[in-house]
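# sharing a model that was predicted from the sequence below.
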Amino acid sequence: APGRGAPPPCHYRDKSIRRAAPATAVLPADAWTEGIVCRVWAVLGHVAKEMGHGPKFGFPCKDRNELAVELARKAAAHSLDHKTVILTTTDDRYLSVLLNWFLSLREHSGGVAGSAIVGAYNWRAHDILASVDAPVFPLIPRFTSGAMRHREGARRLDGVWIERGEIVLRLLEAGMNVLLSDSDAVWTSPALTHLTPLAEQRSLDVVASAGTFPQSKARALGGATAVMGFILLRSTRTMVAAMAMAQRISHRLGDDQIAFNTQLTRGNVTFHREEHVAPALSQASTFVFSSHGAYPAPLRMLIVPATSVVRNCTPVGAEHARSPRAVWRSRAHISGALVAHCLSIKSGGAKSEQLARVGLWSCPISWYTQLMGYAPKALQAATPGFNLQPGAQARFADHLEALYRT
């Protein structure tokens with residue numbers, strides 16, 4: 001309690017506090033530094049620009065679409081046809097899974113590892129990767145709108161899938177083919193050396209791995225759906241139109257895979273299976289889609305068999321997964337595949353355990369210490385200017401080489 005002569009205690013309703021406060025003010029230009037403004041613009045700029053806005057205070061900021069396209073053009077120069085970019089995504093929980101993916105790409109991609117770029121779902125993942133010159137851009141989900149707001153709890157990743165589809169569409173519109181690959185889709189052979197010439201020779205718009213989600217669409221598509229976790233989308237007029245249609249559906253449903261397969265089933269679908277498409281792609285299914293004039297031309301999609309892109313490495317937690325026979329069977333199943341896309345509990349730790357169980361894990365446990373060079377302050381290098389445009393990929397390749405040797 002205040003003593004005799006002491007001023008009365010402050011109360012949150014006491015408006016006199018405002019009169020007693022010193023007359024100090026902080027100008028917006030002092031509070032909003034260039035780095036902060038550019039971070040906000042990287043997340044929201046592509047929307048604000050459509051509404052006629054620009055970065056505040058005249059800062060030369062780029063939105064995430066501009067950053068992604070610029071980074072993708074540099075990466076595509078390292079691809080077989082000089083116009084295909086490999087796009088994967090991550091957050092800070094999946095960084096070890098991502099680096100393991102990069103190591104598999106380095107060893108099995110056939111020399112096109114430099115064509116990969118990463119969309120980071122949060123700033124911590126972005127800053128760690130940017131500090132070692134990884135080819136990363138911010139893919140920070142903005143708030144979903146309308147009917148999607150009430151689903152942010154159970155379906156908190158809805159915004160992620162919407163944003164991923166938006167970036168794919170922008171890259172296609174910029175004239176680049178996009179191989180969308182999850183970071184747990186581990187390469188076991190040079191997949192693009194098989195898929196790229198096949199797509200060109202057969203005038204395909206899409207080459208997709210096979211799944212069954214959503215099941216209602218799988219029934220309409222002959223038993224298999226296109227999986228967005230490993231799919232090659234070519235920059236054709238038909239593909240751009242189909243992806244734009246899918247994105248309109250995705251904004252309502254919140255899932256790019258459901259949206260993509262939904263728009264495919266809205267038109268006329270014909271398909272047939274082929275015994276020998278290519279040496280590594282037997283028993284594939286070729287689909288031709290037309291959507292009542294919505295496409296400039298019928299969309300042609302090849303769905304590769306599950307033996308080529310394996311999507312079921314024995315789940316962690318299943319009792320039979322711990323037996324030597326089950327592990328041996330899983331490894332034998334994977335050995336003849338182009339890619340092993342392992343499904344397990346959706347967390348980085350569970351993924352690493354699952355991939356290690358079937359012999360697909362090569363990232364050392366000390367990856368963070370090695371990348372940071374035993375100096376935690378090295379991460380701070382990404383802070384001044386916020387490093388939204390990573391430098392030479394050669395330094396990142398050197399880091400991967402060091403991890404690989406470990």
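Perfect, thanks for sending it.

# wait, what's in contact with the most centrally placed residue in the chain?
What sits nearest the mean C-alpha location of the chain, by C-alpha atoms, centre = their mean, is T89, with 2.7 Å. Residues counted as contacts of T89 (C-beta atoms under 8 Å, 6 or more residues apart in numbering) are 118-121, 139, 160, 164, 182-183. Any C-beta I mention is one placed from the backbone N, CA and C, and that applies to glycine too.

# part of a helix, is it?
No - read with DSSP: H, G, I helix; E, B strand; the rest coil, T89 is strand and lies in no helix.

# lowest-confidence one in the contacts of T89?
Least confident entry in the contacts of T89, by pLDDT: V160, with 81.

# and that one, what element?
V160 belongs to helix 158-173 when assigned by DSSP states H and E.

# number of residues surrounding the nearest residue to D91 once chain neighbours are set aside?
Among residues not flanking D91 along the chain, Y121 sits closest, at 4.1 Å (C-beta to C-beta, 6 or more residues apart in numbering). Y121 has 23 neighbouring residues, counting by other C-beta atoms under 10 Å.

# hmm, L139 and Y121 touching each other?
Yes - the criterion here is C-beta atoms under 8 Å, and Y121 meets it with L139 at 6.0 Å.

# state the distance from N100 to W361.
Here the criterion is C-beta to C-beta, to the nearest Å. By it, N100 lies 6 Å from W361.

# you'd agree L299 is up against S203?
No - in this structure, L299 is not within contact of S203 by C-beta under 8 Å, at 10.9 Å.

# more crowded one of those two?
Neighbour count, other C-beta under 10 Å: between L299 and S203, L299 has more, with 24 against 10.

# show me what contacts that one?
So L299 contacts 205-206, 238-239, 242, 264, 288-291 (C-beta under 8 Å, 6+ apart).

# picking that back up, who touches both of Y121 and L139?
Contact criterion C-beta under 8 Å, 6+ apart; residues shared by Y121 and L139: 89, 160.

# would you map the strands across this structure?
Using DSSP state E, the strands of the chain run over 84-90, 116-120, 136-138, 177-181, 185-187, 206-211, 225-233, 268-278, 281-290, 299-303, 309-310, 339-341.

# can you redo these as CSV with distance to D398?
Below are the strands of the chain laid out as CSV (distance: least, C-beta to C-beta, whole Å):
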stretch, distance to D398
strand 84-90, 20
strand 116-120, 16
strand 136-138, 16
strand 177-181, 23
strand 185-187, 20
strand 206-211, 32
strand 225-233, 28
strand 268-278, 35
strand 281-290, 35
strand 299-303, 37
strand 309-310, 30
strand 339-341, 26
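
# for H53, which of these is the nearest?
With C-beta to C-beta as the criterion, H53 lies closest to strand 136-138 of the strands of the chain, at 18.3 Å.

# quick check: which of the strands of the chain is nearest to A31?
For A31, the closest of the strands of the chain is strand 136-138, at 21.3 Å, according to C-beta to C-beta.

# quick check: mean pLDDT of that closest one?
94.

# tell me the buried residues in it?
Buried positions in strand 136-138, judged by neighbour count with 16 or more other C-beta atoms under 10 Å: 136-138.

# stretch 299-312 now?
Applying 16+ other C-beta under 10 Å to stretch 299-312 flags 299-311 as buried.

# and if you look at stretch 111-121?
Buried residues in stretch 111-121, counting neighbours by 16+ other C-beta under 10 Å, are found at 112-121.

# follow-up on the earlier one: just give me the closest of the contacts of L299 to V69.
Nearest to V69 among the contacts of L299, with distances taken as C-beta to C-beta, is M239, at 16.7 Å.

# residue contacts, that closest one?
Taking C-beta under 8 Å, 6+ apart, one finds 172, 205-206, 233, 299 in contact with M239.

# how about TSV for the buried residues of strand 136-138, with distance to A218 added?
Converted to TSV, these look like this (distance: C-beta to C-beta, whole Å):
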residue	distance to A218
V136	34
F137	33
P138	34
